[in-house]
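S.K.: Need a 3D model of the sequence below.
(one chain, ligands or ions: 2)
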Amino acid sequence: MTSSETTMHSSDTGTAAGKVLLKAERLERKFGGLTAVADFSFELREGEILGLIGPNGAGKSTTFNLISGFMPPTSGQLFFLDENITSKNATYISRKGLIRTFQHESLLSEMSVADNIIIATTHRLKTTAARQEKMRKIAGLTGLENYLDVPAGSLPHGLQRMLSIAIALAAEPKVLCLDEPLTGLQGVEVSAALDLFEMIRSKLGITILLVEHNMRAVMRICDRILVLNHGRLLAAGTPEEVSQNELVIEAYLGHKK
Ligand SMILES: Nc1ncnc2c1ncn2[C@@H]1O[C@H](COP(=O)(O)OP(=O)(O)O)[C@@H](O)[C@H]1O
Ligand SMILES: [Mg+2]
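M.R.: Ligands and ions are numbered 1, 2, ... in the order given. Next up is the predicted model:
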């Protein structure tokens, strides 16, 4: 697997220059005989939008499960804000400031939009007034201000996606990990979501790790991109570098040499 060795260096290049917030060292996750993630090392730097792409089954969601403490790696190590979090659980890691969304909706569908957001504020904010204020601010940012009393499950799909992001923001992340947040969004909704991600980075100062299969969106918004294939790092670099990488083109087109 010389490809992952040679590309490892290019993950140190790119435009973002912030300090390292999250570092993965030789992550591996097996499910029985299947290796979902193998020898995967990367760094996420403060202020960047880092893309994580790869074909279906490449190990992207598993990587999210590992870094957010939803499941332990089989081997390898994880560092977040200079602390070794390899064996920490999901609650610990989210309270420390790494928040992830889920590829499939995980809303409390009977509950109102407002309550879905408020529940996510309760760890950080102690008073009802503070929680309400935070909820209104986040609902405004995510375009949900006119739907506060609507049951989450009754929202149109695009707004359910926005609510997932609102819930994540309510927990006041330092690092926000988004798992395919654009799935099912229409054209205008996609550009609105990308504007929101830019705003989350620039105005809220939140660093973003983005898993997404919408290539145009990834190329437009990410500073750097990591490409996974069969659980291994295939390439890393700027959108331009990655999109011209022959290994990446092959993996996506399904060609075999
Ligand atoms: N909990 C699990 N148990 C068994 N196999 C899993 C589990 N989660 C993921 N996998 C397998 O690991 C591989 C990577 O899956 P996943 O990380 O979901 O890929 P991606 O998000 O890139 O599409 C797939 O082959 C998938 O079937
Ligand atoms: Mg996935």
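S.K.: Tell me how many other residues crowd the residue in the stretch 1-150 of the chain that ligand 2 sits nearest to.
M.R.: Residue nearest to ligand 2 within the stretch 1-150 of the chain (CB to the ion): residue 61, separated by 3.2 Å. (Each C-beta comes from the backbone N, C-alpha and C, glycine too.) Residues lying near residue 61 (other CB atoms under 10 Å) number 19.
S.K.: Then residue 157?
M.R.: Here the number of neighbours of residue 157 (other CB under 10 Å) works out to 13.
S.K.: any idea how far residue 139 is from it?
M.R.: Residue 157 sits 18 Å away from residue 139 when distances are taken as CB to CB, to the nearest Å.
S.K.: Then the residue of the stretch 1-150 of the chain closest to ligand 2 would be within a helix, right?
M.R.: Yes - using DSSP: H, G, I helix; E, B strand; the rest coil, the secondary structure at residue 61 is a helix.
S.K.: residues touching it, list them.
M.R.: 103, 179, 211 (CB atoms under 8 Å, 6 or more residues apart in numbering).
S.K.: run the last query once more with 6 Å
M.R.: By CB atoms under 6 Å, 6 or more residues apart in numbering, the contact list for residue 61 reads 103, 179.
S.K.: Quick check, pLDDT for it.
M.R.: Looking at residue 61, its pLDDT is 96.
S.K.: how much space between it and residue 165?
M.R.: Counting by CB to CB, the separation of residue 61 from residue 165 is 17 Å.
S.K.: do residue 96 as well
M.R.: Residue 96 sits 20 Å away from residue 165 when distances are taken as CB to CB.
S.K.: contacting residues for the residue most central in space within the chain?
M.R.: Ranked by distance to the mean C-alpha position of the chain (CA atoms, centre = their mean), the top residue is residue 177 at 2.2 Å. When contacts are counted by CB under 6 Å, 6+ apart, residue 177 is found next to 64, 100, 209.
S.K.: Can you lay out these as TSV showing distance to residue 153, neighbour count and pLDDT?
M.R.: Putting the contacts of residue 177 into TSV (distance: CB to CB, whole Å; neighbours: other CB atoms under 10 Å; pLDDT from 0 to 100) gives the following:
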residue	distance to residue 153	neighbour count	pLDDT
64	24	21	97
100	21	24	96
209	28	25	98
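S.K.: So which of the residues you listed are in strands?
M.R.: For the contacts of residue 177, the ones inside strands are 100, 209, with DSSP state E as the criterion.
S.K.: where does the stretch 101-250 of the chain dip in pLDDT?
M.R.: By pLDDT under 70, the stretch 101-250 of the chain contains no weakly predicted segment.
S.K.: Which residue ranges of it form strands?
M.R.: In the stretch 101-250 of the chain, the strands defined using DSSP state E, counting those that start in this stretch lie at 175-179, 207-211, 224-229, 232-237.
S.K.: Extract the C-alpha trace of the last one and format it as PDB.
M.R.: Pointing back at strand 232-237 there. The C-alpha atoms that make up strand 232-237 are tabulated as PDB, following Å, rounded to 0.1, in the frame of the first residue of the first chain:
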ATOM      1  CA  ARG A 232      -7.500   3.300   3.400                       C
ATOM      2  CA  LEU A 233      -6.300   6.800   2.600                       C
ATOM      3  CA  LEU A 234      -6.000   6.900  -1.100                       C
ATOM      4  CA  ALA A 235      -5.100  10.600  -1.600                       C
ATOM      5  CA  ALA A 236      -5.100  13.900   0.300                       C
ATOM      6  CA  GLY A 237      -4.600  17.500  -0.800                       C
END
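S.K.: Each with direction, which strands does that strand pair with?
M.R.: With DSSP bridges as the criterion, the sheet partners recorded for strand 232-237 are strand 224-229 (antiparallel).
S.K.: tell me which parts of the protein are close to ligand 1?
M.R.: Counting by CB under 6 Å from any ligand atom, the residues of the chain lying close to ligand 1 are 31, 34, 36, 54, 56-62.
S.K.: how near is residue 239 to ligand 2?
M.R.: Distance from residue 239 to ligand 2, counting by CB to the ion, to the nearest Å: 20 Å.
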